[in-house]
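A.B. asks: structural data only, the sequence is not supplied:
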Ligand SMILES: *Cc1c(COP(=O)(O)O)cnc(C)c1O
């Protein structure tokens, strides 16, 4: 059994075909990590910062009362969905299949709450320390909820360019702290997202021309203003570090659920991928927590396989899906990114196990199936992980991965987790539209 090399995978990608790609550059965690500038220390530093802010978050966002100001999500085992997929594929998956419920994350209901909120908090902390509002990081951060702090932050701006969910998270946290927030969006972005942000007092600027150019202009404007801070989806290490915490915390959560991960019980993770920050950061954290026993695969739409293209060509952000005449509109709008993050794709070069792509029908079909089987609604961008284990065991590439890593006889004891990246904030009307459309893609 031989795996396809990068060149032949790329040929399939160019033809808009679904692929399963195994990363030929994957290295043992320690070695891979040593090739980056980052380590477990950075993950712990980010976690400590989130802990410091917990007393503020608890006051500012009462929905986090139960978790004492920690923004976290539950794990749900999806047995009915597994049966449905077993049936559909005519192939029984022996291990367990779980969903990591970031659709249930407090404050913004998407995975962005991890990276974006972390970055806004870090910026607020830096400003407060620089200007003497905080004397040290030992203080009780509940002071961030006081009028004194809000008045101070109202002198400062945070700007972001986004087609959606990133703006929601930056907007929600930025405004709560008192910042002036500007969000650049394309006109096609969902109306409810614009309404939501405007209701929070965010300045939403819509662009009908070249969105990439518009974001560049937004960045230039922000850069020219010393009191403005630009949240940079493509190059931000803070976003990345915020996400790493989500992966690292899985260690404790899996223990609490009684899920064993060790040499005999591997863990497989399937992570939706847009620009790469969330799957990349989470993978980095997971690898620090579980070492060689965790295997992380990202999932993209065939129309926007930016990470696949970046990694198989090893051109990272110097290549775009448009170079291959890909890039049509996809239902998985949260993943519609033509060019991957150069920072993240390079950081992940030796850490991802691989990735796969799905046609739009699959995003719709999985959305429908999950709703029917488990009464869980996710947005299209969030569902792609659930078919991951089947792709892994059914594709030639996946099978040789399992063989090479000596995982064949451990497969039956494996845990599979699909990261569900968002959905709870979608208004009923849009939800009904998604469900109606998805119904036509009943996979059976
Ligand atoms: C942003 C987003 C992703 C992907 O995260 P990236 O950091 O862009 O790779 C996945 N799902 C949803 C719902 C998102 O909003």
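C.D. replies: Good, I have the coordinates. Note that this is a predicted model, so its numbers are computed, not measured. Numbers count the residues shown, from 1 in each chain.
A.B. asks: residues from the chain in reach of the ligand?
C.D. replies: Within reach of the ligand by Cβ under 6 Å from any ligand atom, the chain has these residues: 110-112, 165, 272-279, 334-335, 379, 381-382, 421-422. Just so you know, the C-beta spots here come from the backbone N, C-alpha and C atoms, and that holds for glycine as well.
A.B. asks: which residues does whatever residue of the stretch 201-350 of the chain ends up closest to the ligand contact?
C.D. replies: Relative to the ligand, the nearest point of the stretch 201-350 of the chain is residue 274 (2.7 Å; Cβ to the nearest ligand atom). Contacts for residue 274 (Cβ atoms under 8 Å, 6 or more residues apart in numbering) come out as 304, 306, 334, 335, 336, 337, 381.
A.B. asks: re the thing from before, which ChimeraX command selects the buried ones in the residues of the chain next to the ligand?
C.D. replies: Buried residues within those, by 16 or more other Cβ atoms under 10 Å, are selected in ChimeraX with:
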select :110,111,112,165,272,273,274,275,276,277,278,279,334,335,379,381,382,421,422
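A.B. asks: so which of the residues of the chain next to the ligand sit within strands?
C.D. replies: residue 272 (DSSP state E).
A.B. asks: about what we covered before: pLDDT score for the residue of the stretch 201-350 of the chain closest to the ligand?
C.D. replies: pLDDT recorded at residue 274 is 95.
A.B. asks: residue 198 too?
C.D. replies: pLDDT for residue 198: 97.
A.B. asks: domain parsing for this structure?
C.D. replies: 6-108+239-439, 112-236 (automatic domain parsing).
A.B. asks: ranges for the helices of the stretch 101-250 of the chain?
C.D. replies: 112-130, 147-153, 165-177, 191-199, 211-224, 237-248, 250-256 (DSSP state H, counting those that start in this stretch).
A.B. asks: let me know the average pLDDT across the last one.
C.D. replies: Rounded to a whole number, the mean pLDDT of helix 250-256 is 98.
A.B. asks: by contact count, what packs against that helix?
C.D. replies: helix 277-290 (3 or more Cβ pairs under 8 Å, 6 or more residues apart in numbering; DSSP states H and E).
A.B. asks: residue 141 contacts residue 56, correct?
C.D. replies: Yes. Here residue 141 lies in contact with residue 56, judged by Cβ atoms under 8 Å, at a distance of 4.5 Å.
A.B. asks: in a markdown table: the contacts of residue 274, plus pLDDT.
C.D. replies: Shown next, in a markdown table, are these (pLDDT from 0 to 100):
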| residue | pLDDT |
| --- | --- |
| 304 | 96 |
| 306 | 97 |
| 334 | 90 |
| 335 | 94 |
| 336 | 90 |
| 337 | 91 |
| 381 | 96 |
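A.B. asks: from these, which land in helices?
C.D. replies: residue 306 (DSSP state H).
A.B. asks: where in the chain is pLDDT low?
C.D. replies: Applying pLDDT under 70 to the chain picks out residues 1-3, 210.
A.B. asks: ranges for the strands of it?
C.D. replies: Using DSSP E, strands in the chain cover 20-22, 75-77, 96-101, 157-161, 180-186, 203-207, 228-231, 267-272, 294-301, 354-358, 415-420.
A.B. asks: OK, contacts around residue 203?
C.D. replies: By Cβ under 8 Å, 6+ apart, the neighbours of residue 203 are 180, 181, 182, 183.
A.B. asks: give me the number of neighbouring residues for the last one.
C.D. replies: With neighbours defined by other Cβ atoms under 10 Å, the count for residue 183 comes to 29.
A.B. asks: give me the residue from the stretch 51-200 of the chain nearest the ligand.
C.D. replies: At 3.5 Å from the ligand, residue 165 is the closest residue in the stretch 51-200 of the chain, using Cβ to the nearest ligand atom.
A.B. asks: any idea how far the residue nearest in space to the middle of the chain is from residue 24?
C.D. replies: The geometric centre of the chain, computed from its C-alpha atoms, lies nearest to residue 278 (Cα atoms, centre = their mean), at 3.1 Å. Applying Cβ to Cβ, to the nearest Å, the value for residue 278 to residue 24 is 24 Å.
A.B. asks: what's the answer for residue 379, then?
C.D. replies: In terms of Cβ to Cβ, residue 379 sits 32 Å off from residue 24.
A.B. asks: just give me the longest helix of this protein.
C.D. replies: helix 40-60.
A.B. asks: and it, what's buried?
C.D. replies: Buried residues in helix 40-60, counting neighbours by 16+ other Cβ under 10 Å, are found at 42-43, 46-47, 49-50, 52-60.
A.B. asks: show me the contacts for residue 93.
C.D. replies: With Cβ under 8 Å, 6+ apart, residue 93 has these contacts: 82, 85, 86, 389, 390, 393, 416.
A.B. asks: backbone torsions only: list them for it.
C.D. replies: Torsion angles at residue 93 (phi, psi; degrees, to the nearest 10) stand at phi -80, psi 120.
A.B. asks: good, wrapping up.
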